[in-house]
Structure formats: C-alpha cells, structure tokens
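Chemist: Here is a sequence with its predicted model. Questions after.
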Amino acid sequence: MKTIVFTGGGSAGHVTPNLALMHRLGQLGWEIKYIGSAMGIEKDIIEREGVPFYPISSGKLRRYFDLKNVKDPFRVLKGVYESYRLLRRLKPAIVFSKGGFVSVPVVIGSRMNKVPVIIHESDITLGLANKISIPFATKVCVTFPESLQHVQKDKAVLTGLPIREHIRSGKASRGYQLCNFHSQKPVILVMGGSLGSQAINQAVRGNLERLLAQFQIVHLCGKGHMAEELANTRGYNQFEYVNEELPDILAMTDLVVSRAGATSIYEFLVLEKPMLLIPLSLQASRGDQILNAASFRKAGYADVLSEETLTADTLVERVEALYANRETYKAAMQSRNESDAVASIVELIETYSGIC
C-alpha cells in the first residue's frame, strides 16, 4: 500500500487543508500517517480523524528575542533526529508539509531519507518555517498568484488552497436549530481565528443591541472568551469553537466578520459568503493577514477594516454597508475562475512519489 506522511501544525490553518487531501488520498488507497507536535492543536484534530499520529519534539521559530530561543534549536535538532528515525520506519513514498514550526524537522528528516517533499503555503508571503524548508522541497504549492514571485520558478506551482469537501455539505435548517435562530432575519458569523480575538469580541459586544436589531449573530469567540452575562440574549449565540457544526452554521450565514487567515477566507469564498475582514495588525503578526485581506478586497470578495480603526461603531457601519452591497460581492465570487486545488495537489503527490 502507498504511504504518505503529512505534517504541519501550530494553528488550525496549518492542519485543516491537510484534511481535504487526506480524505481524497484515502479514497485512492493511500495509507496516511501524520507527524506533529505532542502539545499542538494538530494532535486532537488528526486523532479525531482516526489517522495514526506520531509526536516529535519541536521548538518555535521566533522572529523576536526570547530566552526560549536558546533552548529551542536543541528541540528542533532532537525533532530532526526523531523524524529521521520515524521516516525510516514508516517508509513513505512522499511527505506533504503544510508549514508551522513542527514541519521543519520533518522536512529535513525527509531529505536525509531521500524522500520527496511537497510544501504548501497558504498566505501570500512565506512563513518562516516554509522559508527554511524550501531548499529541501521538491515542489512548493502556493495559494495566491502573488506568491509565485517569492519561490524559485522551477519549484513553484499555483494550486490554490485545498478545501474540505464537508464544508460544502452544511444544512441551513440544522444551523437554525442549533442556534435557535429563524430564517426571517439575516445571520452574521463572527470569528476571530482558532484562538479568538479580544478586539473583535469587544467591538461586537460594544454595539450588540444595534446589531441585533438587524441581524442574528453566531459568535465564535475563542477559548475562555465567552461572555456569561450575554448567555441568554435572544438572537446572539456564543461558542468557544465549533468543529462538526461549522458547515451547518455557514450554510445559514449571510455575512462573515473574520480575521484574514487564508484557510478560513478561502472556505468563505467557496461558499460565496460576503466578508468583512479584520486582519491581525503588524504588531501581532508578520503582516500575512493584511496582504491576504488586500488581495480579497482587490478581487471584490471582501471589505477590509483595519484593527487600528476597529471600534464598536465602525464595525456596525461596515457590516451594514457589506449587507447593503452583498449581491455585488457574491457576483465577484461567482465569476472567479480557479481549478480544484485538491485535485491539483493530489496529481503532484502521485507524480513526485513515482506513482502515476
């Protein structure tokens, strides 16, 4: 049986695109394994899928000064050794890396075992882990056309972002039932990434009465960020995080207010949901979400509100404008011309593993 090892972690955005590929490859008869960090978000996600998970040591790759930077290179070296040993035992035909700091030891260990590696980058600019990994990679898949300039031509392939098939299978009726909503008033989905966003949470709750006069709101507020005093507010439903329920929630959603992580916004795009994107600021990130959001605004898929100008009032104003112009955004999304990212990447995997 053909074996592929996946890696990637640190955030849901480094894991969920792998799920789309794993599902398709499983249908094609591949045996699937996953290497990740013992404490990362990827462990729970992958084990829920019933895929064998192998933890390794890893250290975070920081762009700023931190005393942990002294110890973490040794953790990375330990992770390289563990990956090398694991890959010798698992004998994969190919390794697929979605990035995140845990992927670097796996990619290096693959090269040491002469196993081909395909990397995927979700954002316009390359993450630090992928920058380090590219010299060891056979091919580098990118999501945005703008990313091609950041990767050498003989390695770069524009594939788009793999989207989980089940994200398209939601039922609005189940979403309404889950949230105790009705179909006579439009629904906004608010989400601040897998960890939540205090800035977005405060802006939504700061003008909640005005928003609820026009909309029903599903608020994915992040672990530990539920507002107990709002638990019984009619038309407002809070969750720390959802998984299986997300397709149904999206099916009933009319507008999305979100951070600008590539995985999430591409899922909204596929489902043709008009978006108000509030990217992470430069103070909290390398600026990848700002570029993602700008690309979507240029294409007509989304409006963008910077975190620096985010207030309870500006949020409501932009949400109202987004809803008023929702058909324009939907038309732009419907007119896009993109290939099936899952099919494109699976073809690369089969080609470079020597299996046709």
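Modeler: That came through, no problem.
Chemist: rest of the way, CA atoms for contacts and neighbours
Modeler: Noted.
Chemist: residue contacts, P17?
Modeler: Contacts for P17 were tallied using Cα atoms under 8 Å, 6 or more residues apart in numbering; they are K98, L161, P162, I163, R164, T263.
Chemist: the strands in the stretch 51-200 of the chain, which residues?
Modeler: Across the stretch 51-200 of the chain, reading from the start of the chain, the strands by DSSP state E, counting those that start in this stretch fall at 53-56, 94-97, 117-121, 139-142, 156-158, 187-191.
Chemist: again, but for the stretch 201-350 of the chain
Modeler: Along the stretch 201-350 of the chain, counting by DSSP E, counting those that start in this stretch, strands occupy 216-220, 236-239, 255-258, 275-277, 302-304.
Chemist: follow-up on the earlier one: list just the one of the strands of the stretch 51-200 of the chain that sits closest to E82.
Modeler: strand 53-56 (6.3 Å; Cα to Cα).
Chemist: From the contact counts, what lies against that closest one?
Modeler: strand 31-37, helix 41-48, helix 68-90 (3 or more Cα pairs under 8 Å, 6 or more residues apart in numbering; DSSP states H and E).
Chemist: Show me what the residue lying closest to E47 once chain neighbours are set aside is bridged to.
Modeler: Sequence neighbours aside, F53 is the residue nearest to E47 in space, at 6.6 Å (criterion: Cα to Cα, 6 or more residues apart in numbering). When assigned by DSSP bridges, F53 has beta-bridge partners Y34.
Chemist: Next up, the contacts around F53.
Modeler: K33, Y34, I35, G36, K43, I46, E47.
Chemist: What about the second one, how many residues nearby?
Modeler: What it means is Y34. By other Cα atoms under 10 Å, 23 other residues sit near Y34.
Chemist: So it sits against V51, correct?
Modeler: Yes. Contact status for Y34 versus V51: in contact at 7.0 Å, counting by Cα atoms under 8 Å.
Chemist: quick one: low-confidence parts of the protein?
Modeler: 59-72, 193-196, 284, 355-356 (pLDDT under 70).
Chemist: Repeat the analysis, applying 50 as the threshold.
Modeler: Applying pLDDT under 50 to the chain flags residues 356.
Chemist: So I4: helix, strand or coil?
Modeler: In three-state terms, and counting by DSSP: H, G, I helix; E, B strand; the rest coil, I4 is strand.
Chemist: who touches it in this structure?
Modeler: If you count contacts by Cα under 8 Å, 6+ apart, then I4 has W30, E31, I32, K33, P92, A93, I94, V95, F96 around it.
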